[in-house]
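J.: What would the 3D arrangement of this be:
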Amino acid sequence: MATPVRDIQTIYEDVLANYLISMARTVENSVGHALDALMCPNLERAAALSSQVFLVEPRVNEMEMQIDDHAVRDAAHGIAR
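T.: Reported below is the predicted structural model:
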């Protein structure tokens with residue numbers, strides 16, 4: 001049987017992994033939009049794609065700060081390895 005501390009550690013690790021996966025998917029999507037914009041011969045479509053990248057950037061920054069806070073908080077509580 002797992003100890004309560006191990007259960008909490010597993011939960012923190014899972015949450016952190018989910019944050020990282022979510023951010024990675026968001027960034028991957030933005031990179032795809034940026035590449036599509038670069039390759040798009042239609043200037044209006046390219047502008048729309050590049051605008052999507054700029055609109056998502058604040059969310060990516062927010063996600064990064066959440067991940068940093070989560071990792072630091074976990075380390076401060078002795079949860080992280």
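J.: Geometric centre of this structure: which residue is closest?
T.: In the chain, the centroid-proximal residue (CA atoms, centre = their mean) is Met23; its distance is 1.4 Å.
J.: so what's the spatially closest residue to that one that is not a sequence neighbour up against?
T.: Closest residue in space to Met23, ignoring its immediate chain neighbours: Met63 at 4.3 Å, by CB to CB, 6 or more residues apart in numbering. The way it works is simple: take the backbone N, C-alpha and C, and place the C-beta from them, glycine included. The contact partners of Met63, by CB atoms under 8 Å, 6 or more residues apart in numbering, come to Tyr19, Ser22, Met23, Thr26.
J.: Tell me the buried residues in the helix or strand encompassing the third one?
T.: So the one you mean is Met23. If you go by DSSP states H and E, Met23 is part of helix 4-39. Across helix 4-39, burial judged by 16 or more other CB atoms under 10 Å covers Gln9, Tyr12, Leu16, Tyr19, Met23, Ser30, His33, Asp36, Ala37.
J.: for that helix, packing partners?
T.: On a contact count with 3 or more CB pairs under 8 Å, 6 or more residues apart in numbering; DSSP states H and E, helix 4-39 meets helix 43-76.
J.: For the contacts of Met63, please prepare CSV with the additional fields distance to Glu57 and pLDDT.
T.: CSV is the format used below for those (distance: CB to CB, whole Å; pLDDT from 0 to 100):
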residue, distance to Glu57, pLDDT
Tyr19, 17, 95
Ser22, 15, 97
Met23, 12, 97
Thr26, 10, 97
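J.: Just put the residues you listed in JSON lines and tack on distance to Ala76.
T.: What follows is the contacts of Met63, written out as JSON lines (distance: CB to CB, whole Å):
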{"residue": "Tyr19", "distance to Ala76": "17"}
{"residue": "Ser22", "distance to Ala76": "23"}
{"residue": "Met23", "distance to Ala76": "21"}
{"residue": "Thr26", "distance to Ala76": "27"}
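J.: So which of those is the closest to Pro58?
T.: Nearest to Pro58 among those is Thr26, at 11.3 Å by CB to CB.
J.: what residues are up against the residue lying closest to that closest one once chain neighbours are set aside?
T.: With CB to CB, 6+ apart as the criterion, Thr26 has its nearest non-adjacent residue at 5.8 Å, and that residue is Val60. The contact partners of Val60, by CB under 8 Å, 6+ apart, come to Met23, Thr26, Val27, Ser30.
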